[in-house]
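Engineer: For reference, the sequence and a predicted model appear below.
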Amino acid sequence: MKKQALNPYLPSWEYIPDGEPYVFDGRVYIYGSHDFYNGCVFCMGDYVCWSAPVDDLGNWRYEGVIYERNADPLNKEGKMCLYAPDVTVGPDGRYYLYYVLDKVSCVSVAVCDTPAGKYEFYGYVHYADGTKLGERQGDEPQFDPGVLTEGEKTYLYTGFCGRGDKSRTGAMCTVLDKDMLTIIEDTVFVVPGSETSAGSQYVGHAFFEAPSIRKKGDTYYFVYSSEVMHELCYATSKSPNKDFVYGGVIVSNCDLHIDSYKPADMPAALGANNHGSIIEINGEWYIFYHRHTNGTWYSRQGCAEKVTFNEDGSIQQAMMTSCGLNGGPLVGEGEYPAYLACNLFTDKPELYIGNKSYPKIAQDGRDGDEEVGYITDICEKTTMGFKSFDCQNVKKVAVTTRGYGNGYFEVKSAWDGAVLGTIAIDFTNVWERYEAEITIPDGVCDIYLTYQGGGNPQLKSFELIKG
Ligand code: FUB
């Protein structure tokens, strides 16, 4: 049985940000960092991998740990974190994993014969004389490698440019030999950072981090996180390491700039840093990115949305949804977990996550406990949006809540739309289900719940019930 694909696409207790998707032998593999639920910093875990059949994107399989953090000779004690990796297939047909540890400036490489087997440490990217890239006088520190192999050359894209840091120039590209380690073309800068973007087309969207590269037809798409962090932007070129032209925003993890259902400058989810890439799966293109949970920057989860290319190759910004890889709306019947909320805001929308008392997605237990996520710290006028559902003859809606909440949920099909009905809830220390007769209009429809009342209830799920 095919499962519906959801956002986030992995189980809600898994925290894999910085996702780089690739299709190998009929399966989509996702390579990313590994955050912890309640982690105190980014990337506290070993690299793990998940995969799904290209024609069943709701059916993800855990491939296990593919690389342990202390496998790198520089990190024998495991005190450094494995930051965002990328994978490429070398000219020898083997899979090469590129990454940078959080406290060093060089690029490490590991290798494996299969996409998701046990990767083994292989070496550091270096100049012909053996000096590591990032350690030669004048080198800028290496960060967030993105890789593309063409023939015997591998293009390595790196960089991190904080606002105000004049020591950083922009995103870099360095060409490696067929051994996947030795530099054969020196580093060039391909996209400016905020300190070098003045007067360029990149102003306001200068390179921050998360370089990633894909090729579509004869065009290279350079995907990166911009200086505002929550957005993934792109630039295009006919060449892998020069002449990139700014394209636009592909996705923002707070849906900024999207003006179809809200004002463009209104954040509709809690944003923060972002990292991912585009990929073609079964003839459709998607953007993979991550969202933020638990009121912190350190518990990020992978999401994906379909992307639309215009005739000229430009990309339309994708809206955040609850059903990204599903290829269409979710079935408008049955119980859906609240952690699928793609919109979450109060009457004072916040752009960046971090306010501990703001509503958020959380889970019970500790990292690794397979506890399904829910929304906590709901306060008066909290709105939770779920997109989209194919509804026919829905006559009742139920919610399951717990906690100190004494009020009601308004049910709507637009966050600022007419109230279709209300569901009253009460204080409870266990999950309790409440239902009301509410007709949802037939057709493809979004579900919005707005809480009105006192206290701070938690929402486990909602249910669409046919008449
Ligand atoms: O995951 C750790 C760091 O956060 C990555 O290396 C960056 O791209 C950002 O997502």
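Structural biologist: Thanks, I have it. Keep in mind that what you see is a predicted model, and the values were worked out from it rather than measured.
Engineer: so where do the strands sit in the stretch 351-467 of the chain?
Structural biologist: 360-362, 374-376, 383-391, 394-403, 405-412, 421-425, 428-440, 443-455, 458-466 (DSSP state E, counting those that start in this stretch).
Engineer: Ok, the stretch 51-200 of the chain next?
Structural biologist: Going by DSSP E, counting those that start in this stretch, the stretch 51-200 of the chain shows strands at 61-67, 86-89, 95-99, 108-112, 120-124, 146-150, 153-158, 170-176, 183-192.
Engineer: Can you spell out which helices and strands pack onto the helix or strand following the longest one?
Structural biologist: Stepping forward along the backbone from strand 183-192, the first helix or strand reached (DSSP states H and E) is strand 207-216. Packing partners of strand 207-216 (3 or more Cβ pairs under 8 Å, 6 or more residues apart in numbering; DSSP states H and E): strand 146-150, strand 153-158, strand 170-176, strand 183-192, strand 219-226, strand 277-281. To be clear about C-beta, it is placed using only N, CA and C from the backbone, and glycine gets the same treatment.
Engineer: just so I know, which of the strands of the stretch 351-467 of the chain lies nearest the ligand?
Structural biologist: With Cβ to the nearest ligand atom, the closest approach to the ligand among the strands of the stretch 351-467 of the chain belongs to strand 360-362: 18.0 Å.
Engineer: For burial, what's the neighbour tally of the residue nearest to Lys103 when sequence neighbours are not counted?
Structural biologist: Residue nearest to Lys103 in three dimensions, not counting chain neighbours: Met80, with 5.1 Å by Cβ to Cβ, 6 or more residues apart in numbering. Residues contacting Met80 under the criterion other Cβ atoms under 10 Å number 17.
Engineer: Could you do Tyr434 as well?
Structural biologist: Around Tyr434 there are 16 other residues, counting by other Cβ under 10 Å.
Engineer: What residues does it make contact with?
Structural biologist: 398-401, 423-425 (Cβ atoms under 8 Å, 6 or more residues apart in numbering).
Engineer: same question for stretch 197-217, mean pLDDT?
Structural biologist: Averaged across stretch 197-217, pLDDT comes to 98.
Engineer: Kindly calculate the angle that the helix or strand containing Ala304 makes with strand 277-281.
Structural biologist: Secondary structure from DSSP H and E places Ala304 in strand 300-306. If you take axes from the mean of the first three to the mean of the last three Cα atoms, to 10 degrees, strand 300-306 sits at 50 degrees to strand 277-281.
Engineer: May I have the strands that pair with strand 300-306, each with its orientation?
Structural biologist: strand 284-292 (antiparallel) (DSSP bridges).
Engineer: Check which residues of the partner strand are buried.
Structural biologist: Residues 285-292 are the ones in strand 284-292 that count as buried (16 or more other Cβ atoms under 10 Å).
Engineer: so which of the residues you listed would you say is closest to the ligand?
Structural biologist: Closest to the ligand, out of all of the buried residues of strand 284-292 and judged by Cβ to the nearest ligand atom, is His290, at 7.3 Å.
Engineer: per-residue confidence for the closest one?
Structural biologist: 98.
Engineer: For it, which residues are in contact?
Structural biologist: Neighbouring residues of His290 by Cβ under 8 Å, 6+ apart: 16-19, 32, 253, 274-276, 300-303.
Engineer: Need the CA coordinates for stretch 324-344. CSV is fine.
Structural biologist: What follows is stretch 324-344, C-alpha atoms only, in CSV (Å, rounded to 0.1, in the frame of the first residue of the first chain):
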residue,chain,number,x,y,z
GLY,A,324,5.0,18.5,-0.4
LEU,A,325,6.1,15.2,-1.9
ASN,A,326,2.6,13.8,-2.2
GLY,A,327,2.1,15.2,-5.7
GLY,A,328,-1.3,16.6,-4.7
PRO,A,329,-3.6,17.3,-1.7
LEU,A,330,-4.0,14.8,1.1
VAL,A,331,-7.2,12.7,1.5
GLY,A,332,-9.9,14.9,3.1
GLU,A,333,-10.8,12.3,5.7
GLY,A,334,-9.3,10.8,8.8
GLU,A,335,-7.0,11.9,11.6
TYR,A,336,-3.9,14.0,10.9
PRO,A,337,-1.1,14.8,13.4
ALA,A,338,-0.8,18.4,14.4
TYR,A,339,3.0,18.4,13.7
LEU,A,340,2.0,18.6,10.0
ALA,A,341,1.2,22.3,10.5
CYS,A,342,3.0,24.3,7.8
ASN,A,343,1.7,27.5,9.2
LEU,A,344,2.0,28.4,12.9
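Engineer: pLDDT averaged over it, what's the number?
Structural biologist: Rounded mean pLDDT across stretch 324-344 is 98.
Engineer: do stretch 168-182 as well
Structural biologist: In the prediction, stretch 168-182 has an average pLDDT of 98.
Engineer: Give the buried residues for it.
Structural biologist: By neighbour count on 16+ other Cβ under 10 Å, the buried set for stretch 168-182 is 168-176, 180-182.
Engineer: Phi, psi for Phe309 please.
Structural biologist: Phi and psi for Phe309, reported as degrees, to the nearest 10, are phi -90, psi 140.
Engineer: Not including adjacent chain positions, what is the nearest residue to it?
Structural biologist: Spatial nearest neighbour of Phe309, chain neighbours left out: Ile315 (5.8 Å); criterion: Cβ to Cβ, 6+ apart.
Engineer: picking up where we left off before, separate out the buried members of the contacts of Tyr434.
Structural biologist: For the contacts of Tyr434, a burial check counting by 16+ other Cβ under 10 Å picks out 398-401, 423, 425.
Engineer: need the contact list for the closest residue to Ile447 other than its chain neighbours.
Structural biologist: Nearest non-adjacent residue to Ile447, counting by Cβ to Cβ, 6+ apart: Phe386, 4.5 Å away. Phe386 makes contacts with 322, 336, 340-343, 446-448, 462, as judged by Cβ under 8 Å, 6+ apart.
Engineer: residues in the stretch 151-300 of the chain within reach of the ligand, list them.
Structural biologist: For the stretch 151-300 of the chain, the residues in contact with the ligand (Cβ under 6 Å from any ligand atom) are 209-210, 273, 275.
Engineer: okay, those in TSV with neighbour count next?
Structural biologist: As requested, these are exported to TSV (neighbours: other Cβ atoms under 10 Å):
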residue	neighbour count
Glu209	24
Ala210	30
Asn273	22
His275	30
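Engineer: nearest spatial neighbour of Trp297, skipping sequence neighbours?
Structural biologist: Trp297's closest residue in space is Ala272 (Cβ to Cβ, 6+ apart), at 4.9 Å.
Engineer: I'd say that neighbour and Ile353 touch.
Structural biologist: Yes - counting by Cβ atoms under 8 Å, Ala272 touches Ile353, with 5.0 Å between them.
Engineer: got any residues that touch both of these two?
Structural biologist: By Cβ under 8 Å, 6+ apart, Ala272 and Ile353 have these common neighbours: 292, 297.
Engineer: Compare the two and say which is more crowded by neighbours.
Structural biologist: A count of neighbours by other Cβ under 10 Å puts Ile353 above the other of Ala272 and Ile353, at 28 against 19.
Engineer: Spatially central residue for the protein, please.
Structural biologist: By Cα atoms, centre = their mean, the chain has its centre lying nearest to His290, at 1.6 Å.
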